[in-house]
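Visitor: pasting the sequence and the predicted coordinates here, then a few questions.
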Amino acid sequence: GAVVSQHPSRVICKSGTSVKIECRSLDFQATTMFWYRQFPKQSLMLMATSNEGSKATYEQGVEKDKFLINHASLTLSTLTVTSAHPEDSSFYICSARGIGQGAYNEQFFGPGTRLTVL
Amino acid sequence: KQEVTQIPAALSVPEGENLVLNCSFTDSAIYNLQWFRQDPGKGLTSLLLIQSSQREQTSGRLNASLDKSSGRSTLYIAASQPGDSATYLCAVSRLGAGANSKLTFGKGITLSVRP
């Protein structure tokens, strides 16, 4: 149980285009989803927290107009990188927390999406 | 601001050795601490979660301990195997943040177990 998927697993795009990444909780309802970014040899940095049906809360320094997050249902959150540039190339990982899943406050992580902007 | 430190950044050991990975955090007001495994280019696999009221958790060859007062946790791996080679990440969540409790991660320790 508590499986989280991400799609796509890998994407290459041209500079200036927008890319959408999906995060799904497959066997539970995720009341809260988190989006992280990871640079090589670095730790995961939280970008934003989203609760179903409400606006995402962004961490300091994360541009909300560049990284659009939608959590429209209890099983799906999307991250759209708008007007992507090479410096946006990174590994993006989502996680989800649901009622009755795991320990209280436990997050379950997706497999990640590797974004390369040319 | 919570900071999580994992030292050393990399570790190489021969197969069969018992080893300890260390994690330290600056703010002891944590809700829980998790240890994760990450293989190259992959997502995170949760290994152990310790609630703030607990001292340790065990799963198979893994044992994680927590000392909140000193801001330390250790992950003990018994009889290491080449398949244990991966990056091990430690993360803590805040106390009192409710449903939006956030995880703060260390940079991880990259473990290599030599056959």
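Guide: It's in. Numbers count the residues shown, from 1 in each chain, chains lettered A, B, ... in the order given.
Visitor: show the end-to-end separation of stretch B:85-103, please.
Guide: Chord length of stretch B:85-103, first to last residue, is 24 Å (C-alpha to C-alpha, to the nearest Å).
Visitor: ok, now stretch B:18-29?
Guide: OK, stretch B:18-29 end separation, C-alpha to C-alpha: 30 Å.
Visitor: how about it: buried residues?
Guide: B:19, B:21, B:23-25 (16 or more other C-beta atoms under 10 Å in any protein chain shown). For every residue, glycine as well, the C-beta is placed using N, CA and C.
Visitor: B:Ile7 touches B:Asn22, doesn't it?
Guide: Yes - here B:Ile7 lies in contact with B:Asn22, judged by C-beta atoms under 8 Å, at a distance of 6.5 Å.
Visitor: coming back round to it: got the buried residues of stretch B:18-29 as CSV, with secondary structure and distance to chain A columns?
Guide: Shown next, in CSV, are the buried residues of stretch B:18-29 (DSSP: H, G, I helix; E, B strand; the rest coil; distance: C-beta to the nearest C-beta, whole Å):
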residue, secondary structure, distance to chain A
B:Leu19, strand, 21
B:Leu21, strand, 15
B:Cys23, strand, 12
B:Ser24, strand, 14
B:Phe25, strand, 13
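Visitor: where does chain B dip in pLDDT?
Guide: Along chain B, the model assigns pLDDT under 70 to residues B:95-100.
Visitor: ranges for the strands of it?
Guide: Counting by DSSP state E, chain B has strands at residues B:4-5, B:10-14, B:19-25, B:30-38, B:44-51, B:56-59, B:62-67, B:72-77, B:86-94, B:103-105, B:109-114.
Visitor: adding distance to A:Tyr92, write those strands out as CSV.
Guide: Compiled in CSV, these are given as follows (distance: least, C-beta to C-beta, whole Å):
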stretch, distance to A:Tyr92
strand B:4-5, 20
strand B:10-14, 25
strand B:19-25, 24
strand B:30-38, 14
strand B:44-51, 13
strand B:56-59, 28
strand B:62-67, 27
strand B:72-77, 26
strand B:86-94, 16
strand B:103-105, 15
strand B:109-114, 21
